[in-house]
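Undergrad: Below are the sequence and a predicted model; questions follow.
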Amino acid sequence: QVQLVESGGGLVQPGGSLRLSCAASGFTLDTRAIGWFRQFPGKVREGVSCISANNSTSYYVDSVKGRFTISRDDAKNTVYLQMNSLNSEDTAVYYCATRPYYCSNYRGSYRTWGQGTQVTVSS
C-alpha cells in the first residue's frame, strides 16, 4: 500500500521548535520530490517547503524562510521539516505530499498525500 505518514506535530510555545517527519511506505522516495503543505482553518492548503529528488533544490515560502529547514534521508525513506522560532501564525495542519523528481507550485501535481499532523503554537 502506497502511503505517506506524517508525525511530530503537537503543542509548542511561541519561539519553540518541532520536527515533522514524513515517512513513505510502499514506494521509495529517492526519485521523488516531497512537499510540505499546511492548511489553516477555512483556508486553502498552501505550500510551505519542497525538496527535489537527489537534494538538488529546496524551496520555502517567504513566511518560513530562515526558520524552517527541509531535509531528506532516502535511506530511511523519510523527509523532515525542522521548524524553529514558531509563532501562532504557524498553527495549522501540516501535510506532506509527493510528485516525481522536481518540486512544483501546482498543488494538483502532488498525487500522494499524508493524513496530516496538527501543529499548534500557543502559550
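TA: Perfect, thanks for sending it.
Undergrad: Pull up the gap between Thr117 and Tyr101, please.
TA: To Tyr101, Thr117 is 25 Å away according to CB to CB, to the nearest Å. (Each C-beta comes from the backbone N, C-alpha and C, glycine too.)
Undergrad: okay, these two: which has more neighbours?
TA: Higher neighbour count among Thr117 and Tyr101: Thr117, with 21 against 12, using other CB atoms under 10 Å.
Undergrad: Might you report the residue contacts of that one?
TA: With contact taken as CB atoms under 8 Å, 6 or more residues apart in numbering, Thr117 is in contact with 6-9, 20, 93-95.
Undergrad: State the number of residues packed around Gly9.
TA: 19.
Undergrad: Skip the chain neighbours and tell me the closest residue to it.
TA: With CB to CB, 6 or more residues apart in numbering as the criterion, Gly9 has its nearest non-adjacent residue at 3.3 Å, and that residue is Thr117.
Undergrad: who's the one you found bridged to?
TA: As for beta bridges, Thr117 partners with Tyr94 under DSSP bridges.
Undergrad: quick one: the residue nearest to Gly26 when sequence neighbours are not counted from Thr112, how far?
TA: Nearest residue to Gly26 in three dimensions, chain neighbours excluded: Val2, at 3.9 Å (CB to CB, 6+ apart). Separation of Val2 from Thr112 (CB to CB) stands at 6 Å.
Undergrad: any shared contact partners between those two?
TA: Shared contacts of Val2 and Thr112 (CB under 8 Å, 6+ apart): Phe27.
Undergrad: Look at these two and report which has more neighbours.
TA: More crowded of Val2 and Thr112, by other CB under 10 Å: Thr112, with 16 against 10.
Undergrad: ok, back up a step: so what's the residue nearest to Gly26 up against?
TA: 25-27, 112.
Undergrad: Kind regards, and thank you for your time.
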